[in-house]
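[1] structure for the following, please:
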Amino acid sequence: MTKLGFTLVTKGDLLAVSKHADVAFKNDGDFALFWYNTPKRGKCMSVEYIKANYPAVTVSIEANWRQRRYVNRYRKGGWDEGPF
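    Numbers count the residues shown, from 1 in each chain. Next comes the predicted model:
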């Protein structure tokens, strides 16, 4: 068990700490971050925040190829691509 500030992280909890995402997008305060081969090879974890859905943050873990489709949609949608 690890103590981080006031939050206890135990086995089975999902914790994402990173200063770098493999792909990052932002658009008017909204953002989407993608980490490939996380938490295991062949899977991609994404974190998305859309102001219209406040306070919800969407975290999904799917196959790399499926998440690349979302990345292409953000590019076609005119979102700014990072690093930020």
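[2] tell me how far Leu33 lies from Gln67.
    11 Å (CB to CB, to the nearest Å). Where C-beta positions appear, they are placed from N, C-alpha and C, glycine not excepted.
[3] so what sits against both of those two?
    Ser46 (CB atoms under 8 Å, 6 or more residues apart in numbering).
[4] which of the helices and strands in this protein ranks last by mean pLDDT?
    strand 2-4 (a mean of 54; mean pLDDT, DSSP states H and E).
[5] dihedrals phi and psi, Trp79?
    phi -70, psi 150 (degrees, to the nearest 10).
[6] can I assume it is in contact with Ala32?
    Yes: judged on CB atoms under 8 Å, Trp79 makes contact with Ala32 at a distance of 7.4 Å.
[7] which one of the two is surrounded by more residues?
    The residue with more neighbours, out of Trp79 and Ala32, is Ala32; 22 against 18, by other CB atoms under 10 Å.
[8] list the contacts for the closest residue to Gly29 other than its chain neighbours?
    In space, and not counting its chain neighbours, Gly29 is closest to Lys51: 5.4 Å by CB to CB, 6 or more residues apart in numbering. Residues near Lys51 by CB under 8 Å, 6+ apart: 28-30.
[9] distance check, Lys51 against Lys76.
    21 Å.
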